Structure formats: C-alpha cells, structure tokens
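Chemist: Below: sequence and its predicted model.
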Amino acid sequence: MMSQQHHSNDGIDLAYLNYGPKQLYSVRERKRRRDNCETWTNAVDRGSVEENKNRKRKRKKKEISLRRKVEERNAVGVG
C-alpha cells in the first residue's frame, strides 16, 4: 500500500471500502481504514464508527446464543 497518514480516505466511499469487493484491500487494511475515520461520509444511515462497533458486538452475541441453542437442540435430539 502507499504510505498513508491519517487523512480522510481521499473521497473514497467508506461503505465501498468496508463492504465492497473483498480483494480491494486486505481485512486488516479495511479495519485500519475504518477505525481511522471517525464518521462515515457517504453512508449517512450507518451512524458513527462507535455505533457500528456496538452493532457488531450485538450481532456476535446473537450468533453465539443462536449457536448455543442449536447445539442444545442437537444434544436433546441425540439423547
């Protein structure tokens, strides 16, 4: 990558950076870019980075609880 100081990503749509084609940037690079910018420029409805992190955390919790439910159901089915 080019050496980049922490300036806003030269008018690149952040939503595209994060959700665009995966081969554009490595996961680590996308995460770094996402964490560098305090707010979303073009993706207005997504809110702040902080909100996004909370949303991510919530989704992870939900996934874990879902997985646990499925595992319990499977265990019951076996017994």
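Modeler: Arrived safely, thanks for sending. Numbers count the residues shown, from 1 in each chain.
Chemist: quick one, domains of the protein?
Modeler: Per the record, the chain has its domains at 1-47, 49-79, by automatic domain parsing.
Chemist: Considering these, which stretch scores lowest in mean pLDDT?
Modeler: Lowest mean pLDDT of the domains of the chain: domain 1-47, a mean of 58.
Chemist: how about Lys69, secondary structure?
Modeler: The assignment at Lys69 comes out as helix when based on DSSP: H, G, I helix; E, B strand; the rest coil.
Chemist: From Val76, how far off is it?
Modeler: 11 Å (Cβ to Cβ, to the nearest Å). Just so you know, the C-beta spots here come from the backbone N, C-alpha and C atoms, and that holds for glycine as well.
Chemist: Kindly report the same for Glu63.
Modeler: Glu63 is 21 Å from Val76, by Cβ to Cβ.
Chemist: cool, Arg59 as well?
Modeler: 26 Å.
Chemist: Report all helices and strands that the helix or strand where Asn74 lies contacts.
Modeler: If you go by DSSP states H and E, Asn74 is part of helix 49-78. In terms of contacts (3 or more Cβ pairs under 8 Å, 6 or more residues apart in numbering; DSSP states H and E), helix 49-78 is packed against helix 27-36.
Chemist: swap the cut-off to 6 Å and go again
Modeler: On a contact count with 3 or more Cβ pairs under 6 Å, 6 or more residues apart in numbering; DSSP states H and E, helix 49-78 meets no helix or strand.
Chemist: Can we start the residue count at 40 from this point?
Modeler: All right, first residue 40 from here; so that's helix 88-117.
Chemist: re the thing from before, give the residues shared as contacts by Lys108 and Val115.
Modeler: Here Lys108 and Val115 have no joint contacts, going by Cβ atoms under 6 Å, 6 or more residues apart in numbering.
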